[in-house]
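> The sequence isn't on hand, but the structure is:
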């Protein structure tokens, strides 16, 4: 016999009543029927649950164990039923979007536009340095949309069944301390920075390899590339320890000058991804349109 919730209710009723007679009355059963049911439950659980005495019944050690679990499980199941009923009969549900993203201001700009366009929508976010992790979360259905990117013409991350659409392409720029000798050069030849150390944010794309290849084409090998968080990249650039690599949408920051590289040797493609089997085409088109509208607003506001 498989143990069921009704069996736990029976055991709890016997314990609460203190006797089979009173429990049978409370359950609306004949006492012989309740006694037979209790014996089946005890066989399923491997031993007696109650000891009989002249004043009624008392739980055995095994009975106390079962009762401890019943006192947790039965209220939890009742609460689940109530919550499910309320949810099923609610007049309408608030739409929800789960959006993931890597570093950068574009995620914030997209969230702002979505809040303006659809103030009733419930948006939750998740950030990660890993483009592959975000793609895996899309594939597993744990995210609705992912805002990430690739270096140059590299393929999007994750399995082929995901849909990716280009939002925009940013040139990769350099951030320098305001007093850097090249801070007033516009644009800067990559070769002019041959003796510098470098800083960029981490990721699992091919960006670091593409940067090394661009330096090789310019005739040098970078001395060191620090991969660290955005605030540390900014600090290293501000104190002149390293030249930071950033996108054109990098926000204005005190003590930092952002300059383009001559010939645009590196680019970054902003991408929006989703799983076509779980997202309605109209919703995907609206989110993509908002992302594409957010990018030029950021780009034109940066010197």
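Right, received. Where do you want to start? Fair warning: this is a prediction, and the values are worked out from it, not measured in the lab.

> part of a helix, is residue 237?
Yes - according to DSSP: H, G, I helix; E, B strand; the rest coil, residue 237 belongs to a helix.

> Once you drop chain neighbours, what's closest to it?
residue 244 (4.1 Å; C-beta to C-beta, 6 or more residues apart in numbering). Using the backbone N, CA and C atoms, a C-beta is placed for each residue, glycine as well.

> Next: residue 57.
residue 50 (4.1 Å).

> one step back: report the contact partners of the residue nearest to residue 237.
174, 175, 176, 198, 199, 200, 233, 234, 236, 237, 256 (C-beta atoms under 8 Å, 6 or more residues apart in numbering).

> Tell me which of those fall in helices.
233, 234, 236, 237 (DSSP state H).

> okay, now the last one: neighbour count?
Under the neighbour criterion other C-beta atoms under 10 Å, residue 237 is assigned a count of 27.

> Make sure it is actually in contact with residue 256.
Yes - look at residue 237 against residue 256 with C-beta atoms under 8 Å: they come within range, at 5.8 Å.

> Please enumerate the shared neighbours of those two.
What both residue 237 and residue 256 touch, as defined by C-beta under 8 Å, 6+ apart, is the set 175, 176, 177, 244.

> Using TSV, please lay out these together with distance to residue 59.
Conversion of the shared contacts of residue 237 and residue 256 to TSV gives the following (distance: C-beta to C-beta, whole Å):
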residue	distance to residue 59
175	71
176	76
177	75
244	69
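
> biggest separation within those, which pair?
Spatially, the most separated pair among the shared contacts of residue 237 and residue 256 is 177 and 244, at 9.7 Å (C-beta to C-beta).

> which residues are common contacts for the two?
Shared contacts of residue 177 and residue 244, defined by C-beta under 8 Å, 6+ apart, comprise 237, 256.

> now the contacts of residue 244 as CSV including distance to residue 284?
Listed next are the contacts of residue 244 as CSV, based on distance: C-beta to C-beta, whole Å:
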residue, distance to residue 284
174, 35
175, 34
176, 39
198, 37
199, 35
200, 31
233, 33
234, 34
236, 38
237, 37
256, 36
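
> For the helix or strand residue 82 falls within, buried residues please.
Assigned by DSSP states H and E, residue 82 belongs to helix 61-88. Buried residues in helix 61-88, counted by 16 or more other C-beta atoms under 10 Å: 63, 66, 67, 70.

> Please consider this matter closed, and thank you.
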